[in-house]
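Participant: compute the structure for the input listed below.
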Amino acid sequence: MPLPLSYVVYMQSSEWQARRQAALKYASYRCQLCNRGRKQGQIKVHHRTYDRFGHENPSDLTVLCRDCHDLFHAHRHVKRPQKKNWSAARWDELKVLLQKKA
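Facilitator: Numbering: from 1, shown residues only. Just a heads-up that it's a prediction; the model follows:
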């Protein structure tokens, strides 16, 4: 399914920057997985879903440090729960993978 907007154009838009800043502020500029702050590494706003790309709800976004973001994408083949939000158990599994990487 093609995205409704050009990804690159949208990521440079003021609309995305406002959503991104709101997500960062909500997460106190810390990774929502390992709690690293932005001074400890690059912080990214990750799309949990592209269902509302260009019109994201706050719950569609997760703030992750570069390491957790890379780890998430490296292990995205891990079966996800049926519901859209990751359970605490799934985040615990990802934390274990991150600790093994360190």
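
Participant: so Val9 is in which element?
Facilitator: Assigned by DSSP states H and E, Val9 belongs to helix 7-11.

Participant: and what of Val45?
Facilitator: Element membership for Val45 (DSSP H and E) is strand 43-47.

Participant: quick one: buried residues of that strand?
Facilitator: Residues Ile43, Lys44, Val45, His46 are the ones in strand 43-47 that count as buried (16 or more other C-beta atoms under 10 Å). Backbone N, C-alpha and C define where each C-beta goes, glycine included.

Participant: contacting residues for the second one?
Facilitator: When contacts are counted by C-beta atoms under 8 Å, 6 or more residues apart in numbering, Lys44 is found next to Val63, Leu64, Cys65, Arg66, His69.

Participant: now the buried members of those residues.
Facilitator: Neighbour-count burial (16+ other C-beta under 10 Å) applied to the contacts of Lys44 gives Val63, Leu64, Cys65, His69.

Participant: what's across from the closest residue to the last one other than its chain neighbours in the sheet?
Facilitator: It refers to His69. Nearest residue to His69 in three dimensions, chain neighbours excluded: Lys44, at 4.8 Å (C-beta to C-beta, 6 or more residues apart in numbering). Beta-bridge pairing for Lys44 (DSSP bridges): Leu64.

Participant: what separation do you get for Lys44 and Asp67?
Facilitator: For Lys44, the distance to Asp67 equals 10 Å [C-beta to C-beta, to the nearest Å].

Participant: ok so, going back, could the buried residues of strand 43-47 be laid out in CSV, adding distance to Ala22 and pLDDT?
Facilitator: Shown next, in CSV, are the buried residues of strand 43-47 (distance: C-beta to C-beta, whole Å; pLDDT from 0 to 100):
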residue, distance to Ala22, pLDDT
Ile43, 14, 91
Lys44, 15, 90
Val45, 9, 94
His46, 14, 92
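
Participant: what's the closest of the residues you listed to Trp16?
Facilitator: Nearest to Trp16 among the buried residues of strand 43-47, counting by C-beta to C-beta, is Val45 at 8.8 Å.

Participant: from Tyr10, how far out is the closest one?
Facilitator: To Tyr10, Val45 is 13 Å away according to C-beta to C-beta.
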